[in-house]
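>>> Have a look; sequence and predicted model below, questions after that.
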Amino acid sequence: MGTYTLKSIGSANDYMTIVREVEDGYVVRIVRDQDGYNEIKTDYISKSLFESCVRTGYLTKVEDAVEAISA
């Protein structure tokens, strides 16, 4: 389903990747830049919360070309 940047304060480069879809949501990997150290967390997000975050701009889809470069 893709990779999404998270709206952050300052110049943080935080992002979330959907690992897999489950019945009522998604398993996601969240990477947060904490002063040069990456904090990686695997979590669950419901479909309704995910859709709300995209709609409000908290999550922004990363273009496929950028994903290919970072892979």
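Perfect, thanks for sending it.
>>> if you average pLDDT over the longest helix along the chain, what comes out?
Taking DSSP state H as the criterion, the chain has its longest helix at helix 47-56. Throughout helix 47-56, pLDDT has a mean value of 95.
>>> Report the distance from that helix to the chain centre.
With CA atoms, centre = their mean, to the nearest Å as the basis, helix 47-56 stands 12 Å off its chain's centre.
>>> What of stretch 1-18?
Counting by CA atoms, centre = their mean, stretch 1-18 comes out at 5 Å from the chain centroid.
>>> can you check stretch 22-30 too?
For stretch 22-30, the distance from its own C-alpha centre to the chain's C-alpha centre is 11 Å (CA atoms, centre = their mean).
>>> just to revisit the earlier point, what residues sit buried inside the longest helix of the chain?
Neighbour counts over helix 47-56 (16 or more other CB atoms under 10 Å) mark 50, 53 as buried. Just so you know, the C-beta spots here come from the backbone N, C-alpha and C atoms, and that holds for glycine as well.
>>> so for the helix or strand that it is followed by, what's the average pLDDT?
Downstream of helix 47-56, the first helix or strand assigned by DSSP states H and E is strand 59-61. Mean per-residue pLDDT for strand 59-61: 92.
>>> Same question for stretch 23-30.
96.
>>> May I see the buried residues of it?
26, 28, 30.
>>> in the protein, which spans are strands?
Ranges of strands in the chain, per DSSP state E, are 3-6, 15-22, 25-34, 37-46, 59-61.
>>> Dump those to TSV, plus distance to Ser52.
Listed next are these as TSV, based on distance: least, CB to CB, whole Å:
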stretch	distance to Ser52
strand 3-6	13
strand 15-22	14
strand 25-34	12
strand 37-46	9
strand 59-61	9
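>>> Pick the most buried one from the ones you listed.
The highest average neighbour count among the strands of the chain, using mean count of other CB atoms under 10 Å, belongs to strand 3-6 at a mean of 18.
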